[in-house]
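Chemist: Pasting the sequence and the predicted coordinates here, then a few questions.
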Amino acid sequence: MVAAMESPNQLEDAPGADPLAVFLEWYALAGERGAPLPDAFSLATATRGGRPTVRTVLFKGVGDGAVRLVTNYESRKGRELIDNPHGALVFFWPALDRQVRMEGRLERAPAGESDAYFATRDRESQLGAWASAQSRPIASRAALLAELERVRERFEGAPVPRPPHWGVVHLVPERVELWLGGAHRLHDRFAYTRAGATWRCERLMP
Ligand SMILES: Cc1cc2nc3c(=O)[nH]c(=O)nc-3n(C[C@H](O)[C@H](O)[C@H](O)COP(=O)(O)O)c2cc1C
């Protein structure tokens with residue numbers, strides 16, 4: 001049972017047995033509270049040698065225990081997740097004073113899942129996915145726009161198929177931490193570790 005302590009953000013007990021379900025509740029609440037870009041999060045990948053890199057991406061839902069995002073598979077992050085499948089992410093919603101961290105395995109989604117998501121994108125975004133070799137150098141913005149025009153002509157009058165280098169990525173968390181900001185920095189932290197089909201949870205000091 002959840003019991004409120006000093007403020008509505010403070011909890012006596014962990015907010016739930018399934019941290020992904022709690023994460024989805026908080027995400028929905030952030031949207032309801034008018035948080036700007038509640039779906040934006042930081043995604044960390046690392047090189048084969050373990051050097052971390054981080055960037056902002058957008059959340060595309062949870063399914064089968066995985067957090068989904070979309071990207072170019074040939075981008076820096078896309079190449080790193082092949083070289084080193086360990087990733088981490090963090091969401092922070094100032095409107096809630098809550099943070100969610102996850103660590104786990106990164107993997108490309110099955111092609112069918114990426115095809116289905118790509119089909120929901122507007123045509124200009126679909127053309128953009130073909131035009132941009134994400135993370136590679138290009139001489140000028142004009143050169144990028146020229147590439148977009150080449151792509152537009154190529155697919156004129158036809159549906160735009162998903163580029164093979166673009167798709168959904170899963171982060172399958174093995175550890176999730178739910179953080180609630182508290183007065184005088186006495187925050188609440190609940191760390192969940194996967195234990196088979198369920199999660200083990202322990203409270204951490206702030
Ligand atoms: C608010 C915001 C949302 C973004 N969403 C995505 C996204 O969903 N997928 C993506 O590949 N890049 C997204 N980007 C761009 C990335 O931050 C990054 O520049 C790009 O993916 C290249 O990163 P990389 O070279 O490390 O692979 C977003 C950037 C911002 C600021």
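Modeler: Perfect, I can see it now.
Chemist: What is the subsequent helix or strand relative to the helix or strand Ala30 falls within?
Modeler: Secondary structure assignment for Ala30, by DSSP states H and E: helix 19-32. Sequence-wise, the next helix or strand downstream of helix 19-32 (DSSP H and E) is strand 40-46.
Chemist: contacts for that following strand?
Modeler: Strand 40-46 is contacted by residues 52-59, 69, 76-77, 80-81, 84, 86-91, 106, 171 when judged by Cβ atoms under 8 Å, 6 or more residues apart in numbering. Just so you know, the C-beta spots here come from the backbone N, C-alpha and C atoms, and that holds for glycine as well.
Chemist: Can you show me the CA trace of the helix holding Ala30 as CSV?
Modeler: Taking Å, rounded to 0.1, in the frame of the first residue of the first chain, the C-alpha atoms of helix 19-32 are listed here in CSV:
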residue,chain,number,x,y,z
PRO,A,19,8.6,-0.7,-12.2
LEU,A,20,7.7,-0.5,-15.9
ALA,A,21,4.0,-0.2,-14.9
VAL,A,22,4.9,2.6,-12.5
PHE,A,23,7.0,4.2,-15.2
LEU,A,24,4.0,4.2,-17.6
GLU,A,25,1.8,5.8,-14.9
TRP,A,26,4.3,8.5,-14.2
TYR,A,27,4.8,9.1,-18.0
ALA,A,28,1.0,9.6,-18.4
LEU,A,29,0.9,11.9,-15.3
ALA,A,30,3.8,14.0,-16.7
GLY,A,31,1.7,14.5,-19.9
GLU,A,32,-1.4,15.4,-17.9
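Chemist: what residue lies at the spatial centre of the chain?
Modeler: In the chain, the C-alpha closest to the average C-alpha coordinate belongs to Phe59, at a distance of 4.4 Å (Cα atoms, centre = their mean).
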